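Colleague: Provide a 3D model corresponding to the input given below.
(one chain, ligands or ions: 1)
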Amino acid sequence: MKTDIRNAISFAGEERITENEKKLAILHKTLIEGTGKGNDFLGWVRLPSGTDPDLLKRIKSDAAKIAAQSQLLVVVGIGGSYLGARAVIDCLGHPFLPLLTGRKNPVVIYAGENLDEDYHAGLMEILDQHDYSVAVISKSGTTTEPAVAFRIIKAHLEKKYGRKEAATRIFAVTDSRRGALKNLADKEGYSTYVIPDDVGGRYSILTPVGLLPIAAAGFDIEKLIAGARRMMDQCLASADAEKNPAIRYAAIRNALYQSGKSVEILVNYLPGLNYFTEWWKQLYGESEGKEHKGIFPAGVGFTTDLHSMGQYIQEGTRLMFETVLSVENPAKELHIPFLEENPDGLNFLSGKRYTEINHMAEMGTLLAHVDGGVPNIRISVTELNEETLGELIYFFEFACALSGYLLGVNPFDQPGVEAYKKNMFALIGKPGYEEQGKKLRERLK
Ligand code: PA5
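Modeller: Residues are numbered from 1 along each chain as shown. This next block holds a predicted model:
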C-alpha cells in the first residue's frame, strides 16, 4: 500500500501537517498504551495477532456447512454488523454472482439493514425459492432493524425446514453474555460466536462479525488477517509519518480540515469498492462526527459519478478534498477490439486494456480536480485481494482512531445514534416510552 499526499500539501500547508504529525506521534503512544478516551474499546488494535486459530477453524467449518446446505446466506445486521463483510465480499466477488452458473459458495444477501417492507417482502419471495442459511449479527442483540428482520426470517426458516433443522441453519454472532439474541441463541442451540467486549461494531470486521460471512462467501480469512497483521506491525512499530502511513494520512486529512475542507470524498474507480466506501463512511462518520466537529465522509464511484457529482466536485462550493483508493491491476483481462471500418472512431484504443482507459481517466480527473481546487490524497494498492484488503482495513481503522484523538473526541462511542432510536421507540409504542410518544405525536400533527 502506498500513500501519496503530494497533491494535498500546498492546500493543507506544510506547517499544519508538521504540527499534526508531532501531535499524532504523542497520540500514537496514547492509543497503543490504551490511555486515551474510549480505552475499553481497543480490542481491535492487536486483533490481527490475537485471533485464536481454533476460532478460525470453527468459522471455516461452519462456512463449509453453510456452502453445502445453502444457495443463499442471509446476513442479518446493520452498521458495523454487516458493512465490513459486505465491503470485502463485494470487492472480491464476481460482479454478476447471482447470474453465474456453477457457483461453489452461497450468494450472500442482506436483511435488517433497513426497514423497507417491500425489500423484506421481496426477500421472503426469494427465500421461498432457494435453500438458505442465516447469519444473524448484532453486538447488542437488541437493535430494532435486524431484530425485526430476524423475527420474520426465523419464522420463514422454521416453516420451510421445521424448527430442528432451522436451528442448524442459523448462526448467531453477538455479545458473550447480554442481549435478546444471546438468550435466544442459547435457548435454540444455534452455533454462536462472540464479539469481544472490547471491540465496537465499526471496528469488528476482523472478528466473526466479518469473518463468518466472508468465509462463507468463499474467501480466505487467514490471508485477510495476515494482511491486517502486516499493517498492524507497521502501524504499531513507529510514530514517524515517514514509516507509518496511518499517521501520514491522519496528519494530512486533519490539516486539510483545519484549512477549511470539511468534506472528505473517498473516490474509487471500481464499482466493487462501493461498499468498502460505505464501510469507510461509517467508520469515520461515527467515530469523528461529534461535539459539533468532524470531517463529513462522503463517497463517489468514478467514472460513473463523474457524470453526476463530477460537476459539483469540479466547480461547486470549495469545501471538499478527495482521497482516491486506487488499484493498479485488475484480476481479469479484457482488450478493446479492432474494427475494420472504425465505425465509432475508437480504433486508437484497439489492443488496449480496459484498465488503461480507467487509469487515464483517474489521472486526468486527479489533475482536473486539483486544478479546480480539490486537494488529492492517493492511497494505492497493486491489486485487490484478501491480503491487500486486510492491510487497507487496518490502515483505515488505525488512522481513524488517531484522527479522532487529534480532533479531541472519543472515536469509539456513538452517543448521537440514540436520539433517533428513542424517538422511533416512542412512536412505535415501545413500552416505557408512552410519555415521549404523546409529545412527539403532538409535534407531528
Ligand atoms: O459501530 C457501531 O457500534 C454501530 O454502527 C453498530 O454496529 C450498529 O448500530 C449495529 O449494532 P448492533 O451490532 O448492536 O446491532
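Colleague: tell me which parts of this protein are close to the ligand?
Modeller: Residues of the chain found near the ligand (CB under 6 Å from any ligand atom) are 78-81, 138-140, 143, 146, 200-202, 286, 414. Any C-beta I mention is one placed from the backbone N, CA and C, and that applies to glycine too.
Colleague: For ChimeraX, write a command that selects the buried ones of the residues you listed.
Modeller: Restricted to buried positions by 16 or more other CB atoms under 10 Å, the ChimeraX selection for the residues of the chain next to the ligand reads:
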select :78,79,80,81,138,139,140,143,146,200,201,202,286,414
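Colleague: So which of the residues of the chain next to the ligand are in helices?
Modeller: Among the residues of the chain next to the ligand, DSSP state H puts 146, 286 in helices.
Colleague: Identify the residues contacting Asp131.
Modeller: 69-72 (CB atoms under 8 Å, 6 or more residues apart in numbering).
Colleague: Oh, that last question was meant for Lys421, not what I typed.
Modeller: Thr144.
Colleague: and it, which of the three is it?
Modeller: Under DSSP: H, G, I helix; E, B strand; the rest coil, Lys421 falls in the helix class.
Colleague: Distance of it relative to Pro415?
Modeller: Per CB to CB, to the nearest Å, Lys421 is found 11 Å from Pro415.
Colleague: count of residues packed around Ser262?
Modeller: Neighbour count of Ser262, defined by other CB atoms under 10 Å: 13.
Colleague: ok, the nearest residue to it once chain neighbours are set aside to Val267 distance?
Modeller: Of all residues not flanking Ser262 in the chain, Leu319 sits nearest, at 5.5 Å (CB to CB, 6 or more residues apart in numbering). Between Leu319 and Val267 the computed distance is 16 Å (CB to CB).
Colleague: more crowded one of those two?
Modeller: Shown here are Leu319 and Val267; by other CB under 10 Å, Val267 has more neighbours (28 against 11).
Colleague: Mean confidence (pLDDT) on the helix or strand hosting that one, please.
Modeller: Using DSSP states H and E, Val267 sits in strand 263-268. Regarding strand 263-268, the rounded mean pLDDT is 98.
Colleague: The chain should start at 56 in everything you say after this.
Modeller: All set: I'll call the first residue 56, so the last point we hit is now strand 318-323.
Colleague: mind listing what the residue nearest to Ser317 touches?
Modeller: Leu374 makes contact with 315-318, according to CB under 8 Å, 6+ apart.
Colleague: Top of these by number of neighbours, please.
Modeller: Lys316 (22 neighbours).
Colleague: For the ligand, see how far away that residue is.
Modeller: From Lys316 over to the ligand the distance is 25 Å, taken as CB to the nearest ligand atom, to the nearest Å.
Colleague: Contact partners for the residue lying closest to that residue once chain neighbours are set aside?
Modeller: Leaving aside its sequence neighbours, Lys316 sits nearest to Phe376 (CB to CB, 6+ apart; 4.6 Å). Residues near Phe376 by CB under 8 Å, 6+ apart: 63, 66, 308, 311, 316, 318-320, 429-432.
Colleague: next one: phi and psi at Leu325?
Modeller: Main-chain torsions, Leu325, degrees, to the nearest 10: phi -130, psi 120.
Colleague: quick one: secondary structure of the nearest residue to it once chain neighbours are set aside?
Modeller: Distances taken as CB to CB, 6+ apart place Val382 nearest to Leu325, at 6.0 Å, with adjacent residues excluded. Secondary structure state of Val382, per three-state DSSP, is strand.
Colleague: In terms of pLDDT, where does Ala474 sit?
Modeller: Confidence for Ala474, expressed as pLDDT, is 94.
Colleague: sorry, back to before: TSV please, covering the contacts of Leu374 and showing distance to Phe393.
Modeller: As requested, those are exported to TSV (distance: CB to CB, whole Å):
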residue	distance to Phe393
Gly315	49
Lys316	45
Ser317	48
Val318	43
